[in-house]
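A.B. asks: Dropping the sequence and predicted coords here.
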Amino acid sequence: MNQTVIEVKGISKKYKISHEQGRYVTLRDVMANIIRKPFSFLKHKAKAAVGMAKKEEFWALKGVDFNVERGEVIGIIGQNGAGKSTLLKILSQITPPTEGEITIHGKVGSLLEVGTGFHPELTGRENVFLNGAILGMTKKEIINKFDEIVAFAGIEKFLDTPVKYYSSGMYVRLAFSVAAHMDPDILLVDEVLAVGDAEFQKKCLGKMDEITKNQNRTILFVSHNMSAIQSLCKRSVLLEKGRVVAVGDTRSIVDRYLSSHLSHKSVIEYPEKAGSAHISKISLHDPKGSLRSEFPISQEFLAKIEFECREPLENVVLSIIIYSADRDTLLYSSESDISGKLSDYKTGKYTADIKVPASLFNVGNYSFDIIFHVPNSKMLAEARDIQFEITNVDNPRSVVFQGHIVGKIATPLQFEINKH
Amino acid sequence: MTSETTSTLTIRPKKIFSLRDITELWKYRELLYFFTWRDFKVRYKQTYIGAGWAIFQPLLTMVVFSVFFGGLAKIPSDNVPYPIFVYVGLLFWQFFSNALSETSSSLVTNQAIITKVYFPRLILPIASVITKFVDFLIASMVLVGLMIYYGYVPQLSGLLVLPILLIITFMAATGGGLFLAAINVKYRDVRYALPFFIQMLIFVTPVIYPASIAGAYSKYLALNPMMGVIQNARAALLGTAPINWQLIGISFIACLVLLIIGTYVFKKVERYFADIV
């Protein structure tokens, strides 16, 4: 009995971009603008009234159509800015669409970020109730599942301790446990819930696997992790620049995605976005400083990150996560790795140079994410899926071994050989 | 599961008003309770004297005002002892002004939740007003004490008027708060100016002085809904004057207009809260 549970018809979402203001608007600036340039303000208003004002519009989604059947686990694939997150936000009603209509049969739950609404001053017990209510559970449901939630998180002893005293592991376990017990008919899952912590990510995927065995549960899964998508989803939707370019069997969709986005860029600039910090530009350089996105295996290279702090930030860290072509995490490194300390940033613009040593990765395609965050708690700015390629040029190995050498990393180890 | 009682949800471009908003508010009433409970609980834990703050704040203000305005400046108080005169005013005024300032920042302080989960946004400001109403109830115990001490017995008709006055205060605080909450999301500098304006408002409201000072102009003062509320609260509880129904009517209409404007602006901005917060 196939039954359509999600019907997406012609969904579009428009964002307005205003270059002059950039970040958030203050009343003071608006007033000052009116006083300083009353005529241009009036002109602008008049133009807006007759619909002639030049507005920079950006369609995050344009005419998206697809259906999801009951019990299906469907993957949403696409590059950064393809509209995946916007689509999830619309499905979970956080932001309304500009055009189109979605019909959903059943209760929707979203795992966009765990621990939403957790209050540090409240105890574990109190937070379970608060968080459960925010996620849409009724008090009765929470009471019924309370023991299960606590047992899954394994925090029985600390139930009446304020969560501000929890270790980050306990905090995340409790948060995920509440979210995993909400029991909706349709579950929306965004990969951002798996920030950094590999163990937690594994636990999430394990729970997802368990959830998918329930025949009545429908899941929408957004991820960059192709192996997770392939193992969980039968069918997938490929988004590109806000449009659906293909829907079908996950295998063929993943192949198409991987082959289509192998064109690298050596400079990526990101449009202004509100928030306390923003990553504006990422560029890749060879040791001489020239822009490139392909590097010979025996050469080190540099990732230059330009970012801005709009307010003083404490205890934060800049991290890089490097992935293989099939999105397995290869490396996670932070500015705090050597110092062992988090950093404080003043308001202002910064540049970070991340040096990637020569012969670290094997020949092939890789990508990385840059995240600026308060570890285990808050994402301040992020830039995802920046591509680079390691080429077989000047590879001492290929002189000895002909053809492809196995392994994802290629760090030469020291061989000390002595004759006895 | 064989039951086919699944609910159907339709997501469309958002209109400013729709009937669904009201049914939805009802559906999410438990969340309203939880937010109120959270605000109350957190404050109880964060300040040393906890819920005592709700009594301490108006009580101390009353003592200071009684010494300086009542004792030294000899401000008239409709032939009622100044402490109890000013306390009735403060009780309603602080409910209003605290609710107003709390409501106006309710969206910005909860932005982490707003950008991650859906629920009717109206719940947040309403929860703030209810939290302050609980404070009001706690603080009114001091009034009971004062009335016993000064030997005032309210008339039954007076007690019946009180709920009407509370509803007006509730509507005024919610209306003004919704308006300010929406503006606050849009223009981030508003929150710095707001405390000052709320502080100023106390002087155009007969809290520390009787409305009779204004004489013939008191009709215009009545456009400030809190003027009618405080004057009639004194009439009802202390018998300073007969209850002025005309004034209550004006206040009611004024706060109804405020509530409609506030809700309209809020709903208008609500559509893109998650995009700009």
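C.D. replies: Noted; the coordinates are in hand.

A.B. asks: Contact distance from chain A - what residues of chain B qualify?
C.D. replies: B:1, B:6-14, B:30-31, B:34, B:37-38, B:41-42, B:45-46, B:112-119, B:183, B:186-190, B:271-272, B:274-277 (C-beta under 8 Å from any C-beta of the partner chain). For the C-beta atoms, the positions are set from N, CA and C on the backbone; glycine is no exception.

A.B. asks: Filter these down to the buried ones.
C.D. replies: Among the residues of chain B next to chain A, those classed as buried by 16 or more other C-beta atoms under 10 Å in any protein chain shown are B:6, B:9, B:11, B:14, B:30-31, B:34, B:37-38, B:41-42, B:113-119, B:183, B:186-190, B:271-272, B:274-275, B:277.

A.B. asks: Next step: these restricted to helices.
C.D. replies: By the criterion of DSSP state H, membership of these in helices covers B:30-31, B:34, B:37-38, B:41-42, B:113-114, B:183, B:186, B:190, B:274-275.

A.B. asks: I'd like those residues laid out as JSON lines, including pLDDT and distance to residue A:416.
C.D. replies: As requested, those are exported to JSON lines (pLDDT from 0 to 100; distance: C-beta to C-beta, whole Å):
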{"residue": "B:30", "pLDDT": "88", "distance to residue A:416": "68"}
{"residue": "B:31", "pLDDT": "89", "distance to residue A:416": "66"}
{"residue": "B:34", "pLDDT": "90", "distance to residue A:416": "65"}
{"residue": "B:37", "pLDDT": "89", "distance to residue A:416": "67"}
{"residue": "B:38", "pLDDT": "88", "distance to residue A:416": "63"}
{"residue": "B:41", "pLDDT": "84", "distance to residue A:416": "64"}
{"residue": "B:42", "pLDDT": "83", "distance to residue A:416": "61"}
{"residue": "B:113", "pLDDT": "85", "distance to residue A:416": "58"}
{"residue": "B:114", "pLDDT": "85", "distance to residue A:416": "60"}
{"residue": "B:183", "pLDDT": "87", "distance to residue A:416": "71"}
{"residue": "B:186", "pLDDT": "79", "distance to residue A:416": "67"}
{"residue": "B:190", "pLDDT": "80", "distance to residue A:416": "69"}
{"residue": "B:274", "pLDDT": "73", "distance to residue A:416": "59"}
{"residue": "B:275", "pLDDT": "74", "distance to residue A:416": "60"}
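
A.B. asks: how near is residue A:65 to chain B?
C.D. replies: Distance, residue A:65 to chain B, by C-beta to the nearest C-beta, to the nearest Å: 14 Å.

A.B. asks: Validate this expectation: that residue resides in a strand.
C.D. replies: Yes: counting by DSSP: H, G, I helix; E, B strand; the rest coil, one finds residue A:65 located in a strand.

A.B. asks: Roughly how far does the residue of the stretch 201-350 of chain A found nearest chain B sit from residue B:194?
C.D. replies: Chain B sits closest to residue A:216 of the stretch 201-350 of chain A, with a gap of 5.8 Å, by C-beta to the nearest C-beta. Residue A:216 sits 49 Å away from residue B:194 when distances are taken as C-beta to C-beta, to the nearest Å.
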